[in-house]
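give me a model of this one.
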Amino acid sequence: MTAIFAAAALAWIPLLVLAVTNELLFLRLLRERATPQQAIAASLPTLLALIAGYSAWAVHYLQLQAALERLAIGLVWVLLTVAFEFLFWHFVGKKPWAEIGARFNPRSGDGTLVLLLIIALTPAAMGWLLDAMR
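Now for the predicted structure:
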C-alpha cells in the first residue's frame, strides 16, 4: 500500500500542472472579457475533462485493479491539493490562513469542496469505466 501512496503522490504532480495551466490559460484568454472569478468558472468544464482523462490514464498506467487502490489515489490527490492550496497561497500569495480556509467553507459557493470530491472519486469512477470497457 505504501507503493500506491508514493505512486499517487508522483502522479499528482502532472495533475497539478494540468490544473494550473488550465486556469492560467482561461485567465489569459478571458482577461478582457471577464472577471478572474468568471474566467475560473469558465475553466471548470475543461478542468473536469482533464481530471477525468488524466485519472483514466493514471489508473491504467499504475495498473490499479482494486477499488480501494483507486480510492486511495484519489484521497492522496485531495490531501496534496489541499496542502498545496494552503501552502502556496499563504507563502507565495501572501494570503492569510483564514482567507484561504474560507474557500473550503461550503457556504462560500466557490465550488472548491465539490471539486475536491470530484478529484477524490474520479480515479475510482474512471477505473470502473475502464473495467466496463474490457
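
got the buried residues for stretch 69-84?
69-81 (16 or more other CB atoms under 10 Å). (C-beta placed from N, C-alpha, C; glycine too.)

work out for me the element the residue nearest to the spatial centre of the chain sits within.
Against the mean C-alpha coordinate of the chain, by CA atoms, centre = their mean, the closest residue is Ile119 at 4.9 Å. If you go by DSSP states H and E, Ile119 is part of helix 112-133.

residues contacting the nearest residue to Ala34 once chain neighbours are set aside?
Excluding the flanking residues, the one nearest Ala34 by CB to CB, 6 or more residues apart in numbering is Ala42, at 6.8 Å. Neighbouring residues of Ala42 by CB atoms under 8 Å, 6 or more residues apart in numbering: 26, 30, 34.

dump those residues to JSON lines, plus neighbour count.
Putting the contacts of Ala42 into JSON lines (neighbours: other CB atoms under 10 Å) gives the following:
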{"residue": "Phe26", "neighbour count": "21"}
{"residue": "Leu30", "neighbour count": "17"}
{"residue": "Ala34", "neighbour count": "15"}
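
ok, these vs Met126, which is closest?
Lowest distance from Met126 to the contacts of Ala42 (CB to CB) belongs to Phe26, with 23.3 Å.

give me phi/psi at the nearest residue in space to that closest one that is not next to it in sequence?
Nearest residue to Phe26 in three dimensions, chain neighbours excluded: Ser43, at 3.6 Å (CB to CB, 6+ apart). For Ser43, the backbone dihedrals (degrees, to the nearest 10) come out as phi -80, psi -10.

hmm, Ser43 is touching Glu23, no?
Yes - under the criterion of CB atoms under 8 Å, Ser43 makes contact with Glu23 at 5.6 Å.

what about those two, which has more around it?
Ser43 (20 against 17; other CB atoms under 10 Å).

which strands or helices does the biggest helix by length in the chain pack on?
When the chain is scanned for its longest helix (criterion: DSSP state H), the result is helix 2-29. Judged by 3 or more CB pairs under 8 Å, 6 or more residues apart in numbering; DSSP states H and E, helix 2-29 is in contact with helix 36-61, helix 67-87.
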